[in-house]
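Q: prediction below, plus the sequence it came from.
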Amino acid sequence: MTISVNVRQVVGPEDAAKRDTQGLRKDFLIEGLFSKGQINLTYSHLDRMIVGGIVPAEQDLVIDQVKETGTSQFLERREAAILNIGGKGTIIVGDVDYPLGFQDALYVGMGQGTLSFRSHDPANPAEFYLLSAPAHRACPTVPITLDMAKKVRAGSTEEANARTINQYVHPDVCESCQLLVGLTIFEPGSVWNTMPAHVHDRRMEVYLYFGMEEATRVFHFMGEPHETRHLVLKNHDAVLSPGWSIHSGAGTGRYSFIWAMAGDNMSFTDMDKVPMESLR
């Protein structure tokens, strides 16, 4: 079994500002994560975050060693959070089974051993979305359902951004070393996320957009507040966001997104808000 790993180097704001659309997509956009029967990982040098898609079919898929981490086992010095956005499946951590339905998650602490992934029905496979960051201490492995997530309601219908922020890997729900992970779900008719915008230089972030119709697109805004750019994203596209960049979007139809952060600060509210008049 082959694990495909794509490596992304760090891009600075001056470089990003000079790039055309293809140049921005090359280093910030992650496409093709979810392919049946495959493990696809992207290793970003932004806080060493690994972003992955695992879609087991008839056979289990296994993550044991990933050469790019330089360790004998993937979780030897890492933690991971995994959300299922497909059919029912099971994650086996060491020799313990954790069944996951749609929008269920599993936090896996450092040093927990091999990860195996299984779909209950190969015709309707699980789609496991994996986030992993370096860890310096071990935390307990915890399954987290959508009902268990901390709910933060934000926005309004009038501003087309009424949404519920479901905090899965968060100090109030699940202990972790540095990962923060959650799922934002919009009310019908609301399409804007994370606007007014913010940056947080103390950590990076990655968004995965999903739950979209084939023709739906999200216009994702990035860049320094005074030098913004945009990327047009489809269902199951992910986008990397450095600490210097805003990360906001508007969809042409309904969508949800999973956000994940890694870096210095574990406080969800640690952000530098950008006044609307400062955006360019």
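A: Received, thanks. Numbers count the residues shown, from 1 in each chain.

Q: so Lys26 sits in a helix?
A: Yes - under DSSP: H, G, I helix; E, B strand; the rest coil, Lys26 sits within a helix.

Q: ok, which stretches of the stretch 101-250 of the chain are strands?
A: Secondary structure of the stretch 101-250 of the chain by DSSP state E, counting those that start in this stretch: the strands cover 105-108, 115-119, 128-134, 142-144, 150-154, 163-169, 180-186, 192-193, 198-199, 203-210, 218-224, 227-233, 238-241, 248-251.

Q: would you mind pulling the contact partners of the fifth one?
A: Strand 150-154 is touched from outside by Asn161, Ala162, Arg163, Thr164, Ile165, Asn166, Gln167, His170, Asp172, Val173, with contacts defined as CB atoms under 8 Å, 6 or more residues apart in numbering. (Glycine included, C-beta is placed from N, CA and C.)

Q: how about 6 Å then?
A: Arg163, Thr164, Ile165, Gln167, His170, Asp172, Val173 (CB atoms under 6 Å, 6 or more residues apart in numbering).

Q: the last one too?
A: Applying CB under 6 Å, 6+ apart, the contact partners of strand 248-251 are Val191, Trp192, Asn193, Thr194, Met195, Ala197, Val218, Phe219, His220, Phe221.

Q: at 10 Å instead, please
A: Around strand 248-251, the neighbours that count as contacts under CB atoms under 10 Å, 6 or more residues apart in numbering are 160-161, 186, 190-198, 207, 209, 211-212, 216-222, 228, 230-233, 239, 241, 255, 257, 274, 279.

Q: rewinding a little: kindly compare burial across the strands of the stretch 101-250 of the chain and name the winner.
A: Among the strands of the stretch 101-250 of the chain, strand 105-108 has the highest mean neighbour count (mean count of other CB atoms under 10 Å), at a mean of 26.

Q: elements contacting it?
A: strand 78-84, strand 89-93, strand 96-100, strand 128-134, strand 142-144, strand 163-169, strand 180-186 (3 or more CB pairs under 10 Å, 6 or more residues apart in numbering; DSSP states H and E).
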